[in-house]
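>>> fold the following, please.
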Amino acid sequence: MSGAAVPTGTPVSGAAVPAGAAAPVAPAPREAGAPAGGAAPHAAGQAHPHPRPAQAASAPPAAPGPDRQGPHAPPPQAPAGGQQVPPAAPGPVPPAPAAGPVPQQPGPRAYAPIAADPHAANPHAAADPPAQAASARAAEAARARQAAVSAAPAPAPAAQGTAPSPYPQGPATPDSRPVVDKDLAAAGRKPRRGEPFAARAVRAVRRTVSSSAAREVAETTRTAETLQQPVTTGRQIAVTSIRGGAGKSTVAALLGLTYAHYRQDPVLLVEADPALGSLPLRLGAESLRWTTGDVAGIVEPQMSLLDVTGYLVQLPDNAWLLPGSQGRIGAMLDTRAYERVMVALRRYFGVTVVDCETLPAEVARVALSAAQARVLTAPATLEGIASTHAVLQWMQGLPRHIIAGTVVVLTRLVPHTGLDLGEAARKLAATGASVQVLPYDRHLAAGGPIRTELLAHPTRQAATRLAADVFQLSQKRH
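All right, here's what the predicted structure looks like:
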């Protein structure tokens, strides 16, 4: 059959075809996973990735035979039993589709050699009804999938402002509120000095004619050296009282301002008394935004000092304030929020002074147990001494380091108390706590922001001594 025609659309190699030999046929593409060899390269329901034009009826397929294999063709494989492979799906054969290309199936391309079987040599020939049936079913399946995709409803657009964020969301930013209403602030008078002019004049004369100035300078130097000692971890100092009006916030403010004046590292003052505490007012803060309860849900261990201070109120001398409330009634602070804030912030500040609630509030007890030093303020009155003595007796039943690291501050709220403060101090010191006295000061008694340059000289000395003693207690291991 040297004159047999090569089927239309069948590529041939560039080499001359010898007479009496069939032309080598290029591999036809097939779907991934199609069986190689003599089986049909496309199962029922799958379309050929590259459809071929129909061959002329007068061009019969090349006859198989060992003498008609090309130089690169694989050995012929016939179907099992020598029978033709029946179509995969039973039933009547649907008519061939009208003219037009068969839709392509997605997937990787694979190539299999054309088998020598006359029924598998060209699966898309016009004389092969099973191949036509497979192509028709593939086209119908493709059209059905396209129709299903077109009929599917489009996803509803997300509502504006409700798109979920991949980052954790903190509480909403609160509005800034003034510490004191402007109308109320106008009622305040000009701050007074802590001691009258006559007392200041007498003290100046005494310093001139005596040698007390040298001793005072030496004492101030020793106190400054104590206050400037470095720390390995942040020191926490809790200030509390048995009742309100004992000067608790005033003492906390004096301690914080003293540490900020002498130390190089940042100092933090925390108001753990959300029930309308006066610490922001005493420190001269003008407006408040974030509170201790708010920061408890924001602060993270990976934050830097710059991130943290963005939620704090800046004060003079590298001091920072975290208020307990915005001056509203009903603000709450639980122990879990307090512990979270203190654990997260202590590593950023060398010293942290906490203005706690009055005893026996739960947060105050937690603060006393977690602090390295404690300050218990009491008014220099008979009632204040009696109440404080009862609290110290209760603290004696706690671990020894609690009362050993406690300093009692007797605050003189009036010039003449009618009480023997020396005897009262000895009575309280018998419980194991240290006792100091904060003298009467007109500037402190008037309330309002504390201006250290207006404090009386004895008040400044007492505040500096108190800060040094408390800091030393925080450094000890009891």
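>>> got the end-to-end distance for stretch 180-196?
This stretch, stretch 180-196, spans 28 Å end to end (CA to CA, to the nearest Å).
>>> what about stretch 339-351, start to end distance?
Note: stretch 339-351 ends 16 Å apart using CA to CA.
>>> now do stretch 216-235
OK, stretch 216-235 end separation, CA to CA: 28 Å.
>>> for the helix or strand where R137 lies, what is the average pLDDT?
For R137, the host element (DSSP states H and E) is helix 129-151. Mean per-residue pLDDT for helix 129-151: 62.
>>> immediately after it, which helix or strand?
strand 177-178.
>>> what packs against that following strand?
The helices and strands touching strand 177-178, judged by 3 or more CB pairs under 8 Å, 6 or more residues apart in numbering; DSSP states H and E, are strand 287-288. Heads up, the C-betas are built off the backbone N, CA and C, glycines and all.
>>> how far does stretch 352-371 stretch from one end to the other?
Stretch 352-371 stretches 9 Å from its first residue to its last (CA to CA).
>>> what comes up buried for it?
Within stretch 352-371, the residues that qualify as buried are 352-359, 361, 363-368, 371, counting by 16 or more other CB atoms under 10 Å.
>>> repeat for stretch 427-437
For stretch 427-437, the neighbour count (16+ other CB under 10 Å) marks 427-428, 431, 433-437 as buried.
>>> now for those, which pair is the farthest apart?
T431 and V437 (16.7 Å; CB to CB).
>>> may I have stretch 424-440 as PDB, with CA atoms only?
Provided in PDB are the C-alpha atoms of stretch 424-440 (Å, rounded to 0.1, in the frame of the first residue of the first chain):
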ATOM      1  CA  ALA A 424       2.200  58.400 119.300                       C
ATOM      2  CA  ALA A 425       5.100  57.600 117.000                       C
ATOM      3  CA  ARG A 426       6.700  55.400 119.600                       C
ATOM      4  CA  LYS A 427       3.500  53.500 120.200                       C
ATOM      5  CA  LEU A 428       3.000  52.800 116.400                       C
ATOM      6  CA  ALA A 429       6.700  51.900 115.900                       C
ATOM      7  CA  ALA A 430       6.400  49.100 118.500                       C
ATOM      8  CA  THR A 431       4.400  47.100 116.000                       C
ATOM      9  CA  GLY A 432       7.500  46.900 113.700                       C
ATOM     10  CA  ALA A 433       6.700  49.700 111.200                       C
ATOM     11  CA  SER A 434       8.700  52.900 110.700                       C
ATOM     12  CA  VAL A 435       7.000  56.200 111.600                       C
ATOM     13  CA  GLN A 436       7.500  59.700 110.200                       C
ATOM     14  CA  VAL A 437       5.700  63.000 110.500                       C
ATOM     15  CA  LEU A 438       4.700  65.300 107.700                       C
ATOM     16  CA  PRO A 439       4.500  68.800 109.200                       C
ATOM     17  CA  TYR A 440       1.700  71.300 108.500                       C
END
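>>> circling back to that earlier point, the buried residues of stretch 352-371 in strands, which ones?
Taking DSSP state E, the ones among the buried residues of stretch 352-371 that sit in strands are 352-355.
>>> kind regards, and thank you for your time.
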